[in-house]
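Enquirer: Could you look at this predicted model? Sequence included:
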Amino acid sequence: MATKTTAEKLATIQKGYTLEGSTIELGAAIVDGELHKDAPVRLPLAMMNRHGLVAGATGTGKTVTLHMMAEQLSTAGVPVFLADIKGDLSGLATAAVGSDKLTARTQSIGQPWQGRTFPVEFLALGGDGNGVPVRATVTSFGPILLSRIMELNDTQESSLQLVFYFADKNGLELIDLKDLRAVIQFLTSDEGKDQLEELGGLSKATAGVILREIVTLEAQGLEKFFGEPEFDTAELLRTAPDGRGVVTCLELPTLQTKPMLFSTFLMWLLADLFEDLPEAGDLDKPKLVFFLDEAHLLFNGASKAFLEAITTTVRLIRSKGVGIFFVTQTPKDVPADVLGQLANRVQHALRAFTPEDAKALKATVSTFPLSDYDLEETLTSAGIGEAVITVMNEKGAPTPVALTRLRAPESLMGPSDEALVRSTVAGSALLGKYGTAVDNPSAYEKLSGKAAAPTGPAAGSPAGAPESPGAYDVDAEARRIEEEILGRPSSRPAPAPAPVDPEPQYGGPDYGEPASKPRAKAPRAPRTRQPREPQPQPGGMMGDLGGVLGGALGGGLKSMARSMGTQLGRELLRGVFGTSSRRRRR
């Protein structure tokens with residue numbers, strides 16, 4: 001096969017990146033060691049929902065690449081989500097200052113450059129940082145994602161799904177970790193043993209393991225993340241008054257201590273978006289581009305159910321107008337089923353210092369189309385701020401592989417001043433909605449018969465919510481478990497004397513009303529004890545259908561038919577990850 005000349009190689013790249021419509025400018029091609037600003041490398045804006053991969057060794061410029069792409073997406077009116085692991089991305093809110101070195105670089109690639117700021121929203125998981133607190137309810141998070149945080153095995157994960165099933169069936173809202181703990185403790189108590197037998201697949205030993213993991217999460221301070229008000233992922237789709245897309249920056253100052261929570265939370269955001277957004281088909285530009293940093297954390301040790309859920313989400317969310325870019329060190333960090341769906345590739349330099357590095361290099365080269373480059377040599381010799389790129393053109397075909405010197409960001413490549421970040425958060429419209437945690441009546445209060453802690457306005461429970469399965473001392477059991485695990489006296493407060501009538505009142509303003517609205521107390525009707533009857537099956541029409549089928553088929557098949565109706569009803573409420581947001585349950 002004849003070797004191409006430099007001119008022929010250059011012509012191939014120029015033709016391959018001559019694109020119609022709006023584009024994201026990535027940089028200029030390097031051919032045979034020479035930079036050619038007349039050979040721009042770009043990515044069609046309409047193809048960014050075909051997902052992508054930004055990979056490379058530590059220190060090769062991945063974060064700057066995200067920064068540069070986010071700026072252009074915002075300018076094009078596309079909202080962006082970024083996880084700010086090192087704090088550098090907060091610089092989007094501050095204009096960069098030019099220098100001789102910067103001017104020389106931008107002129108060499110034909111980039112017209114000027115310093116500017118971009119509309120940024122700062123978030124923080126559970127208030128762990130300067131940003132607006134982001135919380136999720138346990139029931140919304142779902143059993144599959146929660147199992148991932150707890151690092152449960154497949155059997156334990158299945159058992160946790162049964163606990164969620166029981167809570168859904170009995171109208172027990174799982175808002176925070178104490179709610180989940182209360183439900184499990186009820187099922188393993190003398191009072192709840194009948195319900196536990198009906199579930200069948202939940203042993204007391206497995207329940208004990210899950211309880212211990214809940215206490216571990218609480219000891220790590222993760223109870224601040226689970227609660228209300230729950231973050232509405234529609235907030236990620238906003239644009240600024242001038243039409244630019246809002247860049248949502250999630251602060252992660254304690255990532256190293258909670259890596260599993262971080263990666264799993266990002267998947268919850270995607271799962272919630274997937275369930276809420278309507279089908280959109282092919283758009284001129286995506287509704288949102290989501291950069292999922294440290295992607296290897298998402299897949300390490302993941303269960304089969306978790307990997308299948310990720311693959312399904314990535315495959316189907318494209319048609320809803322959302323693009324996902326996985327950010328990691330090598331393509332080997334991403335499972336093959338997911339990697340096969342990532343059409344846009346930005347590969348920074350790799351190092352081959354060890355035999356394992358050499359294997360990763362060969363695997364990376366094998367994932368690229370045939371090219372005019374010696375990719376093994378190119379990927380090990382590329383400089384900082386350079387990357388090997390291939391993307392999908394408007395016709396759905398891959399563009400030629402091009403070693404590219406990347407554009408420079410126009411905002412600060414580093415953290416913004418903390419005072420600026422704090423003032424931005426203080427002026428955010430989201431702070432009033434999510435800034436203060438509330439503790440509404442939920443499973444813990446219903447099972448223990450205690451009033452909710454006075455941390456915020458209580459929301460009314462859904463009309464027709466079933467009566468509490470029973471009341472017993474949840475706190476005493478929690479103290480016992482904590483003392484057993486930690487080997488020291490419990491830090492939990494001793495119980496207060498029980499009131500004469502411990503039944504809570506569930507009146508209050510509707511969810512989402514201002515916190516300042518007073519709660520009207522309705523007079524309490526006398527309570528009449530009724531003989532215990534079987535709980536009605538959930539799912540509305542589906543539950544009734546199960547009962548009708550059971551009656552028609554006879555006693556032997558009645559339980560199976562009712563279970564079918566329940567399962568159908570639950571699947572209508574819970575998504576691919578088992579998630580179930582309050583918005584979709586209304």
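Expert: All right, it came through fine. It should be emphasised that the depicted structure is a prediction, and the values quoted were computed from it without experimental measurement.
Enquirer: in the stretch 401-550 of the chain, which ranges drop under the pLDDT threshold?
Expert: 450-550 (pLDDT under 70).
Enquirer: for the stretch 201-350 of the chain, what are the low-confidence residue spans?
Expert: Looking at the stretch 201-350 of the chain by pLDDT under 70, you get 201, 253-257.
Enquirer: what are the ranges of the strands in it?
Expert: Using DSSP state E, counting those that start in this stretch, the strands of the stretch 201-350 of the chain run over residues 247-251, 288-292, 322-328, 344-347.
Enquirer: Can you say which of those is nearest to residue 264?
Expert: Checking the strands of the stretch 201-350 of the chain against residue 264 by CB to CB gives strand 288-292 as the closest, at 11.4 Å. Where C-beta positions appear, they are placed from N, C-alpha and C, glycine not excepted.
Enquirer: got a list of contacts for the closest one?
Expert: Strand 288-292 is contacted from outside by 48-49, 54, 66, 69-70, 73, 78-83, 236-237, 266, 269-270, 273, 298, 321-327, using CB atoms under 8 Å, 6 or more residues apart in numbering.
Enquirer: Any idea which residue is closest to the centre of the protein?
Expert: Relative to the mean C-alpha position of the chain, the nearest C-alpha, by CA atoms, centre = their mean, is the one of residue 266, at 2.2 Å.
Enquirer: Identify the residues contacting that one.
Expert: Applying CB under 8 Å, 6+ apart, the residues contacting residue 266 are 83, 290, 292, 298.
Enquirer: Over to residue 287?
Expert: Counting by CB under 8 Å, 6+ apart, residue 287 has contacts 78-79, 237, 277, 280, 320-322.
Enquirer: what do you get if the cut-off is 7 Å, keeping everything else the same?
Expert: 237, 280, 321-322 (CB atoms under 7 Å, 6 or more residues apart in numbering).
Enquirer: Make JSON lines out of those and add neighbour count.
Expert: Converted to JSON lines, the contacts of residue 287 look like this (neighbours: other CB atoms under 10 Å):
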{"residue": "237", "neighbour count": "19"}
{"residue": "280", "neighbour count": "14"}
{"residue": "321", "neighbour count": "23"}
{"residue": "322", "neighbour count": "27"}
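Enquirer: Can you flag which of these belong to helices?
Expert: Counting by DSSP state H, no part of the contacts of residue 287 is found in helices.
Enquirer: Which pair in these has the greatest spatial separation?
Expert: Taking CB to CB as the measure, the contacts of residue 287 span a maximum distance of 11.7 Å, between 237 and 280.
Enquirer: Just the strands from the stretch 351-500 of the chain, written as ranges.
Expert: 386-390, 402-406.
Enquirer: who does the first one pair up with?
Expert: Sheet partners assigned to strand 386-390 using DSSP bridges are listed as strand 344-347 (antiparallel), strand 402-406 (antiparallel).
Enquirer: Show me which residues of stretch 186-202 are buried.
Expert: Buried residues in stretch 186-202, counted by 16 or more other CB atoms under 10 Å: 186-189, 192, 195-196, 202.
Enquirer: circling back to that earlier point, closest to residue 372 out of the contacts of residue 266?
Expert: residue 292 (31.3 Å).
Enquirer: just checking, what packs against the lengthiest strand in the chain?
Expert: Across the chain, the longest stretch assigned as strand under DSSP state E is strand 34-44. The contact analysis (3 or more CB pairs under 7 Å, 6 or more residues apart in numbering; DSSP states H and E) places strand 34-44 against helix 6-16, strand 23-31, strand 402-406.
Enquirer: angle of it against strand 23-31?
Expert: Counting by axes from the mean of the first three to the mean of the last three CA atoms, to 10 degrees, strand 34-44 lies at 150 degrees to strand 23-31.
Enquirer: shouldn't residue 154 be in contact with residue 306?
Expert: No. Counting by CB atoms under 7 Å, residue 154 stays clear of residue 306, with 10.0 Å between them.
Enquirer: the more surrounded of the two?
Expert: residue 306 (20 against 11; other CB atoms under 10 Å).
Enquirer: Ok, which of the strands paired with strand 386-390 comes nearest residue 8?
Expert: Using CB to CB, the strands paired with strand 386-390 put strand 402-406 closest to residue 8, at 14.0 Å.
Enquirer: quick one: that closest one to chain centroid distance?
Expert: 31 Å (CA atoms, centre = their mean, to the nearest Å).
Enquirer: quick revisit: as JSON lines, the strands paired with strand 386-390 with mean neighbour count and distance to residue 161 would be great.
Expert: Formatted as JSON lines, the strands paired with strand 386-390 follow (neighbours: other CB atoms under 10 Å; distance: least, CB to CB, whole Å):
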{"stretch": "strand 344-347", "mean neighbour count": "25", "distance to residue 161": "35"}
{"stretch": "strand 402-406", "mean neighbour count": "26", "distance to residue 161": "45"}
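Enquirer: Tell me which of the ones you listed sits nearest to residue 434.
Expert: strand 344-347 (32.6 Å).
Enquirer: just to revisit the earlier point, could I get the buried residue list for the longest strand of the chain?
Expert: Neighbour counts using 16+ other CB under 10 Å place 35-36, 39-44 of strand 34-44 among the buried residues.
Enquirer: how close does residue 312 sit to residue 341?
Expert: As for residue 312, its distance to residue 341 is 11 Å (criterion: CB to CB, to the nearest Å).
Enquirer: Same check on residue 443?
Expert: 38 Å.
Enquirer: Kindly report the same for residue 77.
Expert: 25 Å.
Enquirer: you'd agree residue 73 is up against residue 245?
Expert: Yes. With contacts counted by CB under 7 Å, residue 73 reaches residue 245, the gap being 6.0 Å.
Enquirer: any shared contact partners between the two?
Expert: residue 80.
Enquirer: And the contacts of stretch 334-352?
Expert: Against stretch 334-352 from outside (CB under 7 Å, 6+ apart): 43, 47, 50-57, 60-62, 65, 295, 299, 307, 310-311, 314-315, 326, 328, 330-331, 357-358, 360-361, 364, 367, 379-380, 382, 387-392.
Enquirer: in the stretch 1-150 of the chain, which segments are predicted with low confidence?
Expert: Checking the stretch 1-150 of the chain against pLDDT under 70 turns up 1-2.
Enquirer: Now distance to residue 89 too, for the strands of the stretch 201-350 of the chain, in a markdown table please.
Expert: As requested, the strands of the stretch 201-350 of the chain are arranged in a markdown table below (distance: least, CB to CB, whole Å):
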| stretch | distance to residue 89 |
| --- | --- |
| strand 247-251 | 5 |
| strand 288-292 | 9 |
| strand 322-328 | 12 |
| strand 344-347 | 17 |
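Enquirer: Out of those, flag the one nearest residue 5.
Expert: strand 344-347 (25.2 Å).
Enquirer: would you put the C-alpha positions of the closest one in PDB?
Expert: This file holds the C-alpha atoms of strand 344-347, laid out as PDB (Å, rounded to 0.1, in the frame of the first residue of the first chain):
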ATOM      1  CA  ASN A 344     -17.400  10.900  19.500                       C
ATOM      2  CA  ARG A 345     -13.800  10.300  20.700                       C
ATOM      3  CA  VAL A 346     -11.300  12.700  22.200                       C
ATOM      4  CA  GLN A 347      -8.300  10.700  23.200                       C
END
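Enquirer: thinking again about what came up before, okay, the residue nearest to the centre of the chain and residue 125: tell me how far apart.
Expert: With CB to CB as the criterion, residue 266 and residue 125 are 10 Å apart.
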